[in-house]
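>>> Predicted model follows, preceded by the sequence.
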Amino acid sequence: MVELPKSIKNLIAAFERLPGIGPKSASRLVFYLLNTPESYVAEMAKSLLAIKKEVKICKECFSVCEGEICSICEDEKRNKKIICVVERAIDVMAIENIGGYKGVYHVLGGVVNPLEHVSPDDLKIDELINRIEDNMEIILATNPTMEGEATALYIKKKIENLGKKNIKISRIGSGLPMGADLEYADQATLSRAMDGRREI
Ligand SMILES: [Zn+2]
């Protein structure tokens, strides 16, 4: 087997760490980049650094943004009385892409997972509780995995203990297979799951 130059090996190793990229795809990407103009690679490197330097976390919902507050929280047409609770900012994108949702979001930053030492304190759960007022609908849209379900139930109990008036707590689910990931669900399935949310 030929020994590859070190810089090629390093980049292949970096790509291999990305989700869904195996050794073959990683090599293919690196050799593709080798044959592209330097300007493209420079632009790409700049964009990569920019997501670390310029992307901030919204103070209100903890999704990604460039200023203090994200464009969804800033939008006055959004119904602040409906909060859709998701695991990650990418889930916000998935739900936004189906269109039709007029409420706002709350990004937890993950799910409770004892095996990976993620406790409720590691997530933005208290921040969610602080956003809850009377007459609200909270849609628990964590993934339909064991951890996602457990986290949804944990949050439901916390909200109920608050004793706020007229709170509707619902859970998305219908149509999403158990163990599925919101981010990979097709738009029709996700749309059905949002429309078919049931009160819990
Ligand atoms: Zn926001």
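It's in.

>>> residues near the nearest residue to Lys59 once chain neighbours are set aside, how many?
Computed as C-beta to C-beta, 6 or more residues apart in numbering, the closest residue to Lys59 that is not its neighbour in sequence is Glu68, at 5.6 Å. Quick note: C-beta positions are derived from backbone N, CA and C, even for glycine. Glu68 has 12 neighbours, counted by other C-beta atoms under 10 Å.

>>> what's the answer for the one 3 residues further on, then?
Other residues within reach of Ser71 by the criterion other C-beta under 10 Å amount to 12.

>>> show me what contacts it?
The contact partners of Ser71, by C-beta atoms under 8 Å, 6 or more residues apart in numbering, come to Cys65.

>>> measure the most centrally placed residue in the chain to Phe62 for me?
In the chain, the centroid-proximal residue (C-alpha atoms, centre = their mean) is Arg88; its distance is 2.0 Å. To Phe62, Arg88 is 10 Å away according to C-beta to C-beta, to the nearest Å.

>>> Overlap of the contact sets of these two?
Val107, Gly109.

>>> coming back round to it: and the residue nearest to the centre of the chain, what pLDDT?
With respect to pLDDT, Arg88 scores 96.

>>> Isn't it up against Val111?
No: applying C-beta atoms under 8 Å as the test, Arg88 and Val111 come out as separate, 9.6 Å apart.

>>> Tell me who's in contact with the residue nearest to the centre of the chain.
Arg88 neighbours (C-beta under 8 Å, 6+ apart): Val107, Gly109, Gly110, Glu183.
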